[in-house]
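K.L.:
predicted coordinates and the sequence they were generated for:
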Amino acid sequence: MSFKRFTPSDFLVSADSVTAPCWTNNVYDLTNFFTSSTQEASSQGDYVLAVYQTASTDSTAAIQFYLGYANQLGSGSQPYNSQIPEYSPSSTLYGQWRNLILEDENAQFLFGAVTQSDFFIVSVERANYKQSLFPGSLNLVLTGSSAAKIFLTDNSNDVSVVPYINGTRVYQIVSGSNGSAVSTTTGGSTVAGQTASGSYGWFVPDMGAILLNAQALALTAASGGICLLYTSPSPRDRQKSRMPSSA
């Protein structure tokens with residue numbers, strides 16, 4: 001057997017960064033959203049809903065992201081066993097994301113400076129991105145009741161040191177655009193794009209995930225929210241609860 005020594009031309013060293021649109025067919029802005037009633041009625045629908053860029057029955061339909069709701073106490077979804085109401089799909093999702101990011105079953109999610117026990121999950125379909133989502137590219141527009149509308153982004157351009165949690169980049173989601181927050185006055189003090197209930201959530205680019213602070217979205221428009229109504233009953237009423245719905 002013979003061998004040939006590698007030559008300099010056999011090696012390729014490049015510092016090029018390749019970026020591309022995240023959505024199907026290289027679309028930059030996703031403005032239409034569709035779910036599948038069949039999937040919603042299935043057991044998978046108890047955990048997450050797949051969201052498509054066109055009707056799920058269309059031949060060109062492709063999953064863009066998954067939408068779910070996580071609650072530490074199990075509120076917002078039917079319990080697995082009515083005798084143990086704190087264990088439900090929402091508590092399972094909370095535990096999964098706590099393990100993925102916080103890596104500690106006793107840790108809690110701190111949105112800005114406020115600890116919250118529930119959040120919505122937007123998990124981008126893995127096939128839609130290569131290594132990670134690009135910080136500063138998030139521009140999320142949410143509309144709620146009474147035509148309340150907020151413009152959200154990550155705060156990657158506002159931090160001098162990249163924030164990490166257990167080796168994972170985690171940026172705060174704030175009111176603003178293109179990675180920069182706008183200053184808002186809440187409770188008499190100026191906060192960089194946040195609310196009295198904390199930031200609007202976390203942007204986790206290396207996991208292709210957006211965690212949205214449900215309590216911030218539930219605020220009135222005057223307080224920076226969209227008046228989002230969702231089911232999050234008391235522990236004794238959890239067995240009667242339903243999956244949250246977006247306004």
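P.N.:
Arrived safely, thanks for sending.
K.L.:
looking at the chain, which helix or strand is least sure?
P.N.:
The least trusted helix or strand in the chain, going by mean pLDDT, DSSP states H and E, turns out to be strand 183-186, with a mean of 58.
K.L.:
sheet-wise, list the partners of the longest strand along the chain with their directions.
P.N.:
Determined from DSSP state E, the single longest strand within the chain is strand 63-71. Paired strands of strand 63-71, with direction, are strand 48-52 (antiparallel), strand 118-124 (antiparallel) (DSSP bridges).
K.L.:
from those strands, which stretch is densest packed?
P.N.:
Stretch with highest mean neighbour count among the strands paired with strand 63-71: strand 118-124 (a mean of 21; mean count of other C-beta atoms under 10 Å). C-beta coordinates here come from the backbone N, C-alpha and C atoms, glycine included.
K.L.:
which other residues reach it?
P.N.:
Residues outside strand 118-124 that contact it (C-beta atoms under 8 Å, 6 or more residues apart in numbering) are 22, 48, 64-72, 75-76, 90, 93-94, 97, 109, 111, 133, 201, 207-215, 217, 232, 244.
K.L.:
I'd like to know which elements the helix or strand following it is packed against.
P.N.:
Remark: after strand 118-124, the chain's next helix or strand is strand 140-143, criterion DSSP states H and E. Counting by 3 or more C-beta pairs under 8 Å, 6 or more residues apart in numbering; DSSP states H and E, the packing neighbours recorded for strand 140-143 are strand 149-154.
K.L.:
distance between the strand it packs on and the chain's centre?
P.N.:
13 Å (C-alpha atoms, centre = their mean, to the nearest Å).
K.L.:
what of stretch 62-72?
P.N.:
Stretch 62-72 sits 8 Å away from the centroid of its parent chain (C-alpha atoms, centre = their mean).
K.L.:
how far away is the residue nearest the centre of the chain from F120?
P.N.:
Centrality entry for the chain: nearest residue to the mean C-alpha point is I210, 2.1 Å, by C-alpha atoms, centre = their mean. Distance of I210 to F120, computed by C-beta to C-beta, to the nearest Å: 8 Å.
K.L.:
which residues do the two both contact?
P.N.:
Counting by C-beta under 8 Å, 6+ apart, the residues touching both I210 and F120 are G201.
K.L.:
quick one, what contacts F111?
P.N.:
119, 172, 197-202, 213, 216.
K.L.:
can you give me phi and psi for the nearest residue to it once chain neighbours are set aside?
P.N.:
Leaving aside its sequence neighbours, F111 sits nearest to G198 (C-beta to C-beta, 6 or more residues apart in numbering; 3.7 Å). Main-chain torsions, G198, degrees, to the nearest 10: phi 100, psi -170.
K.L.:
residue contacts, G198?
P.N.:
G198 neighbours (C-beta under 8 Å, 6+ apart): 110-116, 213, 215-216.
K.L.:
next one: N157
P.N.:
Listed by C-beta under 8 Å, 6+ apart, the contact set of N157 reads 136, 178-180.
K.L.:
return the residues in contact with the nearest residue to it once chain neighbours are set aside.
P.N.:
Once flanking residues are discounted, N157 sits nearest to G179: 3.9 Å by C-beta to C-beta, 6+ apart. Residues in contact with G179 (C-beta under 8 Å, 6+ apart) are 135-138, 153-158.
K.L.:
swap the cut-off to 10 Å and go again
P.N.:
134-139, 153-159, 171, 203 (C-beta atoms under 10 Å, 6 or more residues apart in numbering).
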